[in-house]
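Undergrad: Next input, structure requested:
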Amino acid sequence: MVKVGVLIGSLRKSSLSQQLALNVGSLFPENYQIEVIEIGHLPFYNQDFDDYDQVPESFQAFREKIQEMDAFLFVTPEYNRSVPAVLSNAIDIGSRPKIDNAWDGKPGAIISQSPGNFGGFGANHHLRQVLSAVNVPVVQSPEVYLSHSAKLLDEQGKLNNEGTVQFLQSFVEAFIELIKKYSA
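TA: This next block holds a predicted model:
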């Protein structure tokens, strides 16, 4: 069983990112376990926590959960041409202390989305840069920027566009190939 942790960059209940993540999770084969990893409860990272052995229990539990995963899917909106602070904070927490970087060498994939025209392009590319710093190799192609994302979902939160489903299936297949490459 391959464990894929899903980190969602929006805290809103039933956010577009969450709905899209759940749809994409259903595109993986049965031997893949898809698990959303909650990040909204994590306090902001402070190096003093590690330096003075005062690591919050939530940090420790989060780091252990990251260690259990084989790969990561990041699904995020764009905030001010970047990723939301909650997602950046989670990456910081998992990457510290540097000698115990929980992300190290585990493959990732990024989906950015926006109800507007640009599909979270800025967030996607900024996240790629951040993930390279913590040694998370990411799917290079296809890149996924979902514009007008609210229109891609029906009233039940399911993808309503077959072309988008097929595109996301090809993305999942590319991600699976990356996972296999790093698990070999």
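
Undergrad: Confirm that L11 sits in a strand.
TA: No - using DSSP: H, G, I helix; E, B strand; the rest coil, the assignment for L11 is coil, not a strand.

Undergrad: Name the nearest residue to it, ignoring sequence neighbours.
TA: In this structure, L11 finds its nearest non-sequential neighbour in G40, 4.5 Å apart by Cβ to Cβ, 6 or more residues apart in numbering. (Glycine included, C-beta is placed from N, CA and C.)

Undergrad: Look at that neighbour and say how many residues are nearby.
TA: G40 has 11 neighbours, counted by other Cβ atoms under 10 Å.

Undergrad: Verify the stated contact: it with V86.
TA: Yes - using Cβ atoms under 8 Å, G40 is in contact with V86, at 6.1 Å.

Undergrad: Mind checking what secondary structure F28 has?
TA: Three-state call for F28 (three-state DSSP): coil.

Undergrad: which residues touch it?
TA: By Cβ atoms under 8 Å, 6 or more residues apart in numbering, the contact set of F28 is V4, I34, V172, I176.

Undergrad: ok, now Y32?
TA: Counting by Cβ under 8 Å, 6+ apart, Y32 touches M1, V2, K3, V4, I176.

Undergrad: and what of L127?
TA: Shown in contact with L127 (Cβ under 8 Å, 6+ apart): F74, T76, V83, L87, I110, S112.

Undergrad: Report the rounded mean pLDDT for the host helix or strand of it.
TA: Taking DSSP states H and E as the criterion, L127 maps to helix 121-133. Across helix 121-133, pLDDT averages out at 97.

Undergrad: Stretch 18-30 now?
TA: The model assigns stretch 18-30 a mean pLDDT of 98.

Undergrad: Just the buried residues of that stretch, please?
TA: For stretch 18-30, the neighbour count (16 or more other Cβ atoms under 10 Å) marks Q18, Q19, L20, A21, L22, N23, V24, G25, L27, F28 as buried.

Undergrad: Once you drop chain neighbours, what's closest to V136?
TA: Per Cβ to Cβ, 6+ apart, closest to V136 is G108, 4.4 Å.

Undergrad: about what we covered before: work out the gap between the helix holding L127 and the centre of the chain.
TA: 11 Å (Cα atoms, centre = their mean, to the nearest Å).

Undergrad: What are the buried residues along that helix?
TA: Of the residues in helix 121-133, F121, G122, A123, N124, H125, H126, L127, R128, V130, L131 count as buried by neighbour count, 16+ other Cβ under 10 Å.
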